[in-house]
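Engineer: Please work out how this folds:
(4 chains)
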There are 2 protein chains.
Amino acid sequence: MSQTDEILDTLRQRGYRITAQREIVVEIISEAEHHLSAEEIYQELETRTPGANISTVYRTLEVLWEEGLTCRNDLSEGKIVYATREHGPHIHLVCRRCNYVIEAEPEVLNQLSEVLLANYQFRADLDHLSIFGLCEQCEDDPRVEDPHNKQSQSTRR
Amino acid sequence: MSQTDEILDTLRQRGYRITAQREIVVEIISEAEHHLSAEEIYQELETRTPGANISTVYRTLEVLWEEGLTCRNDLSEGKIVYATREHGPHIHLVCRRCNYVIEAEPEVLNQLSEVLLANYQFRADLDHLSIFGLCEQCEDDPRVEDPHNKQSQSTRR
DNA sequence: TCCCTTATTGCAAATAATTGCAATAAGGGA
DNA sequence: TCCCTTATTGCAATTATTTGCAATAAGGGA
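Structural biologist: The predicted structure follows:
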């Protein structure tokens, strides 16, 4: 069964109604090579079947995320991005200074996952986690001179 | 030296200008008992010195966060909330289904912190991390019946 | 297959957050 | 202390996301 159908089936089993809009949104995310913003998904939806509304896209994405069927990440791109949980998986180390994103192995979180479950009975979504912090370059930067580093910020890499 | 002055001093040392607006925003966050939204900070700023603009608040909060002087969290409250890093510290386990938040000990992340630094040269901000997932109740919920659980959702706890 | 219940949608309005730009003012140097 | 540079602000407009509500339609039952 395809990725798309698996997700739709899960939704159906959980009592959600399968609408044309939801089908296509799931299809778009499943087929995507990389993560997509709500706006991008809406644009693609428009080309496939015009007439839908972007609030439907937002609501569909919310359902998919709440049901654990997609991941949703703030990668400092100015908007939230979405992808299937099969995409990747990797955790995102996002530099809060230069916005550079390092993709890290999710295995580093295995122990944490167990601890949170054992100590807090919390089943954490750790594949695709976003963690903010400082990359090596920003950590080493002498802060006093050019603290905002506007020029090199965008072209640092 | 007070919390407020420490933060302002750090900003000054890093080349930022200390404006009246920034002073008060830092003061408000430092004195706060709990995390605050940008809007709440703006309201408080208005009572202390009217005339400032909320975009200044947003920009100040961005600087403070980028400089590692405050934490910024999405706790599923519909808006981002801010607090000093001294507040707490604790990590937030946010249930993606019922929005319940468990406050967990940051110590569970000690090992992760070391691994990220050693393997990726990334200095992660792990105190005050938000992690989404499922709480015990939502994990155990039979999904097929009443998947949205609207009634009990808000009153579950 | 048709009908009924009610989840879902489209729309418009509201809220949250960001941004461009001209005016202002912080802080270093003379 | 005054001046100059330029970071920061206020304002208005823009973008991102959410929400209330009436109309629509999915899916189960007769």
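
Engineer: And the strands in chain A, which stretches?
Structural biologist: A:36-37, A:70-74, A:80-84, A:91-95, A:101-104, A:123-124, A:130-134 (DSSP state E).

Engineer: For B:R72, find the nearest of the ones you listed.
Structural biologist: strand A:130-134 (8.2 Å; C-beta to C-beta). For glycine as for every other residue, the C-beta is placed from the backbone atoms N, C-alpha and C.

Engineer: Can you lay out the strands of chain A as TSV showing mean neighbour count and distance to DNA strand D?
Structural biologist: Listed next are the strands of chain A as TSV, based on neighbours: other C-beta atoms under 10 Å in any protein chain shown; distance: least, C-beta to the nearest atom of the strand, whole Å:
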stretch	mean neighbour count	distance to DNA strand D
strand A:36-37	18	6
strand A:70-74	21	8
strand A:80-84	20	3
strand A:91-95	23	15
strand A:101-104	17	16
strand A:123-124	20	20
strand A:130-134	22	13
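
Engineer: With mean pLDDT and distance to B:L117 as added columns, please give those strands in TSV.
Structural biologist: Formatted as TSV, the entries for those read as follows, by pLDDT from 0 to 100; distance: least, C-beta to C-beta, whole Å:
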stretch	mean pLDDT	distance to B:L117
strand A:36-37	98	31
strand A:70-74	97	22
strand A:80-84	97	26
strand A:91-95	96	11
strand A:101-104	96	12
strand A:123-124	97	21
strand A:130-134	97	9
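
Engineer: Any chance of JSON lines for those, columns distance to B:T70?
Structural biologist: Conversion of the strands of chain A to JSON lines gives the following (distance: least, C-beta to C-beta, whole Å):
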{"stretch": "strand A:36-37", "distance to B:T70": "26"}
{"stretch": "strand A:70-74", "distance to B:T70": "17"}
{"stretch": "strand A:80-84", "distance to B:T70": "21"}
{"stretch": "strand A:91-95", "distance to B:T70": "16"}
{"stretch": "strand A:101-104", "distance to B:T70": "21"}
{"stretch": "strand A:123-124", "distance to B:T70": "24"}
{"stretch": "strand A:130-134", "distance to B:T70": "12"}
